[in-house]
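Chemist: next input, structure requested:
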Amino acid sequence: FYASYGAFYVLIFVLNKKKLGFSVVPNDEGKEKFKKSENVAFYRRQIQGPNLKYRLLLDSLVLTEKGARFELLEDGTKTRLLLSLTPCKNDTVRIVIDEIWPIKTRYRIPDVLTGEPPSEQLRVESKTKDSVTLSWSSGRYQVRVWHFPFRLEVLCDQEVIVTFNSKDKLWFESLQNKPRNLASSQRSKLEEDKNSLWRETFRNFEDIKANGPSSLGADFCLHGFQHVYGLPQHADRLRLRDTSDGEPYRLYNLDVFAADLYCRLGLYGSVPLIVAHKPDRTVGVFWLNASDTFINIQYSPSDPQGGETPPVKKRRLRPQTDVHWLSESGVIDCMILLGPAPRQLFKQYAQLTGYQAMPPLFSLGYHQCRWNYNDEADVKAVDAGFDRHKIPYDVIWLDIEHTDGKRYFTWDPALFPKPVALQQHLEKKKRKMVVISDPHIKVDPDWPLYREARDGGHFVKDREGQIFQGTCWPGESSYLDFSCPETRAWYSRCYSFDKYKGSTPSLFVWNDMNEPSVFNGPEQTMPKDAVHHGGWEHRELHNLYGFYQHMATADGLTSRSGGSERPFVLTRSFFAGSQRLGAIWTGDNVATWEYLKISLPMVLTLNLTGIAFCGADVGGFVKDPDPELLVRWYQAGALLPFFRGHSANDTKRREPWLFGEEVTAAIRTAIQQRYCFLPFWYTLFHFAHTSGMPPVRPLWVEFPEEESAFTEDNQYMIGGALLACPVTEQGAQTVKVLLPGSDEIWYDISSAKAYKGGKSLSLPVNLDTVPVFQRGGSVVCRSTGSGTCTADYQKLPLDVTVGLNSQASADGELYLDDGHSFEYRDKKAFSLRRFSMASGRLLCRSASEEGRFDCDNVVQSVSIMGVKSKPTTVNVHVPGAKSISASFEFLEACCKLRLNNLNVRATTDWDIQIN
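Modeler: As a prediction, this is how the structure comes out:
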C-alpha cells in the first residue's frame with residue numbers, strides 16, 4: 001500500500017494545490033518505492049557471502065588505561081582488524097573494531113554520546129592457550145576472549161550472559177582506492193548483479209560509492225533470553241519478532257506515509273538499541289552506527305555454544321536469542337549494557353546518550369494541530385472554541401501553509417499579516433503557538449535566507465561538488481548540512497527574534513520532513529553519495545540528519561532567551577540521543593482502529609529506548625475517524641506523554657465540538673483528566689530527566705518476574721503507580737485487563753474499588769470508560785478544579801491520592817519548579833517532596849537535599865483507598881503550629897477515606913495522623 005501511495009499522495013496535492021511546482025516521478029505508481037533487503041547489495045553480500053572465521057591474536061594483548069586492545073586476523077582475506085575493549089564504570093562493556101591500517105579514516109559518530117564513558121582498568125584473571133579472561137573492579141563481571149574461532153564472552157558471576165561473534169558473523173569490508181578500470185569492468189558486473197561494489201542501482205537511481213564496499217556486521221548471542229524489544233521506529237508489536245522467515249528489521253530514516261502495520265521497514269527515526277529481558281536480568285546492546293542498518297533476530301532453544309564447544313555433560317538446553325547487525329559503513333562500535341535490573345539499564349543508556357530533556361510544563365498539555373489552519377481568524381476562532389466548550393488546551397500549531405510560499409522563517413502576508421499580534425492574543429491566555437520549520441530551503445536567489453545559506457556554504461553537496469537540489473514542498477530545494485557545526489550555529493541564529501521576524505517568546509517549533517524527505521530522491525530521501533561537511537558521504541550519517549536539525553533548533557530557541565528558557569521542539573526524524581533535545585511523534589498515521597492500537601507499542605518501544613516525550617497523532621493524520629474512534633483516541637492520547645490532535649488538509653475538520661454534545665463531553669473529560677494529572681506527569685518527567693526512568697513502561701519493567709506480562713502491549717504502566725488499558729477495539733463492551741502481581745492490590749481510579757493482583761479482569765466499558773488502576777503502595781498527586789491551560793492548573797490546589805498496599809503503606813513523590821526556565825538546573829530552584837504512609841500516619845517530607853523552591857501550591861485534600869474502617873479522629877500537624885482536627889468522610893462501600901479542606905503547603909513538612 002505505502003509503496004505506491006507516497007507518489008499518489010504527492011500527486012493529490014499537486015492537483016489540488018498546484019503550488020508545489022513539480023510533478024511525480026514518471027511511471028512511479030505501482031512500483032516499490034522503498035527497498036527490501038534483497039535490493040541492498042551490502043546486505044546480500046553479508047548474507048550470501050563466505051562465513052569468515054577470524055582468529056584473535058592472544059599475544060597482541062595490550063592493556064591500556066581505557067581497557068585492552070587485540071589484533072584480529074582473517075586468514076583467507078588477510079584482513080587485520082583492531083579490537084578495543086573498554087569496561088565502563090556504569091556496568092557497560094564497549095567493543096570497537098576498526099581497520100588497523102585504513103587507507104583513510106572511517107566515519108565515527110560524533111555528538112550522540114554525551115562524552116567518553118568513564119572506563120575501568122582491566123586485569124588478566126586467567127590465561128590458557130585458547131583464551132584470556134579479563135576482569136575489572138570487584139571481579140563480578142568478566143570478559144573472556146577466545147583465540148579461534150574468535151569469540152568474546154561477557155560473564156557475570158562465572159555465567160555467560162552475552163557472546164559476541166557466536167555465529168562467526170563478524171564482517172568488515174576494508175576501504176579501497178577506486179580501481180582505474182571501474183567504468184568498464186565494474187559496469188559489466190553491475191549488469192550481472194553480482195557484486196555492486198562501486199555502483200549500485202535501484203530503480204532509476206544510481207549510487208556511486210567513493211570508497212567502494214565498506215559494510216560491517218556482527219552477531220550477539222543473548223543467553224537465556226526469549227524476549228527482546230527496541231529498535232524503533234517500526235509500526236509493530238512490542239516484542240520484536242523472529243526474522244528467520246521474512247524481512248529483517250531496518251533502521252533507515254524514511255518518509256513512509258501511512259506505513260503498513262506490522263512491517264519491519266524503516267520509518268522516520270532510528271534508535272539502534274535492543275533490550276532483552278528475562279525474569280532475573282535485563283541487558284541491552286547499543287549499536288552506534290548511523291548508516292543503513294539491518295537487524296536479524298532469531299529465537300532459539302539451541303545450545304548457546306552453537307556446537308563449537310563439546311558439552312561436558314548433558315544438560316537442558318537454555319533458550320537464547322541471536323541478534324545479527326549489518327550496517328553499510330562506519331566502524332563497529334557497540335556497547336553491552338549489563339543491567340541487571342530494568343531501571344539500572346535505563347540509567348546506563350541515559351549515561352551514554354543523555355537523559356530526557358525536562359520539558360516546559362505547557363508542552364505536557366494538549367496541542368491542537370491541523371494542516372493547515374487557514375488564517376489568523378481561523379486560529380482565533382479555534383482558540384475561542386476551546387474556551388466556549390470549556391476544554392483546556394495549551395498550544396495551537398501552524399503547518400507549511402502559514403509561510404510565504406513555503407519559505408520557512410516567513411509568514412504569508414495575506415493569511416498571517418500580524419503574527420506578533422496573533423501570538424500576543426494567545427499569550428494573554430497563557431497559550432503558545434508552534435510553527436513548522438523543515439530542513440529544505442526553497443531555491444530562490446531573491447530570498448535573503450537562501451542566498452545567505454548558499455554563500456555561507458551551508459548546503460549539502462552532490463557527488464560532483466555542486467549544491468544538491470531535490471524537490472519537496474516548495475518545489476526545487478536545497479538541504480542544509482546540519483552535520484556541520486558552523487551550519488548548525490548559523491541555523492540556530494535564524495531563530496533569534498531580530499532575524500525571525502514575527503516571532504515572539506511564546507512561539508515554538510516543529511521540525512518535519514527531516515529524514516530528510518526528498519520527493520524525487522531514491523526511497524524519497526537524499527542520495528547516499530551526496531557529500532557533507534568534512535567530505536563525508538551521506539551514507540555514513542543518514543540517520544543523524546534529523547537529530548542534527550533537532551539539535552540546532554533546540555539550541556536556537558534556548559539561545560534566543562539568553563539560555564534562560566527551556567525550548568520545545570518536536571521532530572519527526574530522530575536518533576539515539578534525540579531525547580536530550582525535545583519531543584517526537586510517530587508520524588503520518590491513519591484514522592483506523594488498527595493505527596490506534598499500534599500506537600501503544602510504538603510509544604512503549606520509544607520509551608524503552610530513551611525517547612520518553614513521544615505520542616501519536618490523535619484521531620489519525622489521514623482519513624476521517626468516526627466519533628467512537630475519535631473519542632477512544634483522545635482517551636488513549638491523554639494517557640501518553642505527548643498529546644496532540646493532528647489532521648491533514650483533505651480531512652474533515654475535527655475540533656472536539658464538531659461531533660455532537662456526547663462526543664464533546666467525552667473528549668472534554670479525557671482532556672480534563674489529562675490536565676488534572678499534570679503534577680503526576682511532570683514528576684515522571686523529572687525522573688526521566690534525572691534517572692532515565694521512562695514515564696510510560698511495559699508491564700514487565702515494574703513486574704520483571706511476571707512472564708505473562710512480557711508480551712503485553714495493549715496496557716502499560718504510567719510511572720510505577722498507574723496501570724492504563726485504553727480501549728482500542730471498536731464497539732467494545734468489555735475489556736480484558738491483566739492486573740499483575742499476586743501480592744498487589746489495584747484500585748479503579750474512578751470507583752476506588754479494590755482488586756487483587758495476579759489475575760485478569762473482564763471489565764465492562766461504555767464510551768466514557770477509560771480503564772486506569774492505581775497500584776496499592778503508591779501515592780499520586782493531581783490538581784483539583786478546572787482551568788483553560790497548564791498555567792491555570794499550575795495554581796490549583798492538589799489532591800493527594802493514596803492507594804494502600806497489603807501492609808497498609810504507600811509512598812510517592814511530587815516535583816515542583818517554575819515550569820519554564822532552567823533555574824531548576826542552574827539555581828536548584830525546585831522542590832521534590834515525598835509522601836509516605838505507614839501505621840496510619842501520612843508524612844510529607846523533602847525528598848532532595850539539593851532543591852529549594854517556594855510556591856503557593858497547597859494540598860487541599862487527601863484521598864486514601866483501602867481503609868478498612870472509619871477512623872475516630874484525623875489530626876493534622878505542621879511543625880511550629882498546633883495540631884488541628886481535619887474534617888473527613890468515609891465511604892464504607894469502597895473503603896475510601898477522604899480528608900477535606902486541609903490547605904497545607906506542598907513544600908513544607910507536615911503529617912496527618914489517622915486514629
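Chemist: for the residue lying closest to T609 once chain neighbours are set aside, give me phi and psi.
Modeler: Excluding the flanking residues, the one nearest T609 by Cβ to Cβ, 6 or more residues apart in numbering is V271, at 4.2 Å. For every residue, glycine as well, the C-beta is placed using N, CA and C. Here is the backbone geometry of V271 (degrees, to the nearest 10): phi -130, psi 110.
Chemist: V271 contacts A576, doesn't it?
Modeler: Yes: using Cβ atoms under 8 Å, V271 is in contact with A576, at 4.9 Å.
Chemist: which residues touch S517?
Modeler: 255, 440, 472, 524-525 (Cβ atoms under 8 Å, 6 or more residues apart in numbering).
Chemist: let's go with 10 Å and repeat that
Modeler: Neighbour list for S517: 6, 253-257, 268, 438-440, 470-473, 479, 524-526, 546, 572-573 [criterion: Cβ atoms under 10 Å, 6 or more residues apart in numbering].
Chemist: and if you look at W447?
Modeler: Taking Cβ under 10 Å, 6+ apart as the test, what W447 contacts is 404-405, 407, 409-410, 441, 453-454, 474.
Chemist: among those residues, which ones are in strands?
Modeler: Judged by DSSP state E, strands contain the following of the contacts of W447: I441.
Chemist: ok, of the contacts of W447, which one's closest to V62?
Modeler: Comparing the contacts of W447 against V62 with Cβ to Cβ places A453 closest, at 47.0 Å.
Chemist: count the neighbours of the closest one for me.
Modeler: Neighbour count of A453, defined by other Cβ atoms under 10 Å: 22.
Chemist: go on, R668?
Modeler: The burial count for R668: 19, using other Cβ under 10 Å.
Chemist: contact partners for the residue lying closest to D412 once chain neighbours are set aside?
Modeler: Excluding its sequence neighbours, the residue lying closest to D412 (Cβ to Cβ, 6+ apart) is D404, at 5.3 Å. For D404, the contact set (Cβ under 10 Å, 6+ apart) comprises 410-416, 442, 447.
Chemist: which SSE is D588 in?
Modeler: Using DSSP states H and E, D588 sits within no helix or strand.
Chemist: pretty sure it sits against D255.
Modeler: Yes: D588 lies in contact with D255 (Cβ atoms under 10 Å); the separation is 8.2 Å.
Chemist: between those two, who's got more neighbours?
Modeler: D255 (28 against 23).
Chemist: how close does the more buried one sit to Y268?
Modeler: According to Cβ to Cβ, to the nearest Å, D255 stands 7 Å off from Y268.
Chemist: now do the shared contacts for these two.
Modeler: Going by Cβ under 10 Å, 6+ apart, residues that sit against D255 and also against Y268 are 512-515, 517, 572-573, 587-588.
Chemist: most neighbours of all these, which one?
Modeler: S573 (33 neighbours).
Chemist: ramachandran coordinates for that one?
Modeler: phi -100, psi 150.
Chemist: doesn't Y545 belong to a helix?
Modeler: Yes: Y545: assigned to a helix according to DSSP: H, G, I helix; E, B strand; the rest coil.
Chemist: apart from its chain neighbours, what residue comes closest to it?
Modeler: P516 is the one closest to Y545 (Cβ to Cβ, 6+ apart), at 5.4 Å.
Chemist: do I have it right that that neighbour meets G470?
Modeler: Yes: the criterion here is Cβ under 10 Å, and P516 meets it with G470 at 8.3 Å.
Chemist: was I right about the residue nearest to T609 contacting C614?
Modeler: No: applying Cβ under 10 Å as the test, V271 and C614 come out as separate, 11.1 Å apart.
Chemist: common neighbours of these two, please.
Modeler: With Cβ under 10 Å, 6+ apart as the test, V271 and C614 both reach 232-233, 574, 578-579, 605-606.
Chemist: any chance of those in CSV, plus distance to E705?
Modeler: CSV is the format used below for those (distance: Cβ to Cβ, whole Å):
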residue, distance to E705
P232, 26
Q233, 29
F574, 32
S578, 32
Q579, 28
T605, 22
L606, 25
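Chemist: and which of these is nearest E702?
Modeler: T605 (16.7 Å).
Chemist: wait, is that closest one part of a strand?
Modeler: No: looking at T605 with three-state DSSP, it is helix, so not inside a strand.
Chemist: burial measure for it, as a count.
Modeler: So T605, with other Cβ under 10 Å, has 28 neighbours.
Chemist: from start to finish, how long is stretch 708-726 in a straight line?
Modeler: When the termini of stretch 708-726 are compared using Cα to Cα, to the nearest Å, they are 19 Å apart.
Chemist: typo on my end, stretch 475-487
Modeler: With Cα to Cα as the measure, stretch 475-487 spans 22 Å from end to end.
Chemist: any idea how far it is from the middle of the chain?
Modeler: 24 Å (Cα atoms, centre = their mean, to the nearest Å).
Chemist: tell me where the stretch 251-400 of the chain has helices.
Modeler: 342-353, 376-388 (DSSP state H, counting those that start in this stretch).
Chemist: which one of these is the most hemmed in?
Modeler: Highest mean neighbour count of those: helix 342-353, a mean of 23 (counted as mean count of other Cβ atoms under 10 Å).
Chemist: which ones are touching R654?
Modeler: 370, 591, 618-620, 624-625, 627, 630, 645-647.
Chemist: and it, which of the three is it?
Modeler: Here R654 is recorded as coil under three-state DSSP.
Chemist: quick one, phi psi at it?
Modeler: phi -140, psi 40.
Chemist: pLDDT wise, what is it at?
Modeler: You'll see R654 listed with a pLDDT of 97.
Chemist: what sits against the spatially closest residue to D624 that is not a sequence neighbour?
Modeler: Sequence neighbours aside, K652 is the residue nearest to D624 in space, at 5.0 Å (criterion: Cβ to Cβ, 6+ apart). Residues near K652 by Cβ under 10 Å, 6+ apart: 623-625, 658.
Chemist: can you list the shared contacts of V271 and C614 in TSV and add secondary structure, pLDDT and distance to Q672?
Modeler: Shown next, in TSV, are the shared contacts of V271 and C614 (DSSP: H, G, I helix; E, B strand; the rest coil; pLDDT from 0 to 100; distance: Cβ to Cβ, whole Å):
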residue	secondary structure	pLDDT	distance to Q672
P232	coil	98	31
Q233	coil	96	31
F574	coil	98	31
S578	helix	98	31
Q579	helix	98	28
T605	helix	98	29
L606	helix	98	26
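Chemist: and the furthest pair within the contacts of W447?
Modeler: Maximum distance among the contacts of W447 (Cβ to Cβ): 18.6 Å, for D404 and R454.
Chemist: tally of neighbours for the residue nearest to Y408 when sequence neighbours are not counted?
Modeler: What sits nearest to Y408 in space, not counting adjacent residues and going by Cβ to Cβ, 6+ apart, is S437, at 4.6 Å. By the measure other Cβ under 10 Å, the count of residues near S437 is 23.
Chemist: could you verify that E628 is part of a helix?
Modeler: Yes: applying three-state DSSP, one finds E628 inside a helix.
Chemist: and it, what does it touch?
Modeler: E628 neighbours (Cβ under 10 Å, 6+ apart): 593, 659, 663, 666, 727, 730-732, 767.
Chemist: just send those residues back as JSON lines, with distance to L352 and pLDDT too.
Modeler: JSON lines is the format used below for the contacts of E628 (distance: Cβ to Cβ, whole Å; pLDDT from 0 to 100):
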{"residue": "W593", "distance to L352": "38", "pLDDT": "98"}
{"residue": "F659", "distance to L352": "46", "pLDDT": "97"}
{"residue": "V663", "distance to L352": "45", "pLDDT": "98"}
{"residue": "A666", "distance to L352": "43", "pLDDT": "98"}
{"residue": "V727", "distance to L352": "37", "pLDDT": "98"}
{"residue": "Q730", "distance to L352": "42", "pLDDT": "98"}
{"residue": "G731", "distance to L352": "45", "pLDDT": "98"}
{"residue": "A732", "distance to L352": "41", "pLDDT": "98"}
{"residue": "L767", "distance to L352": "44", "pLDDT": "97"}
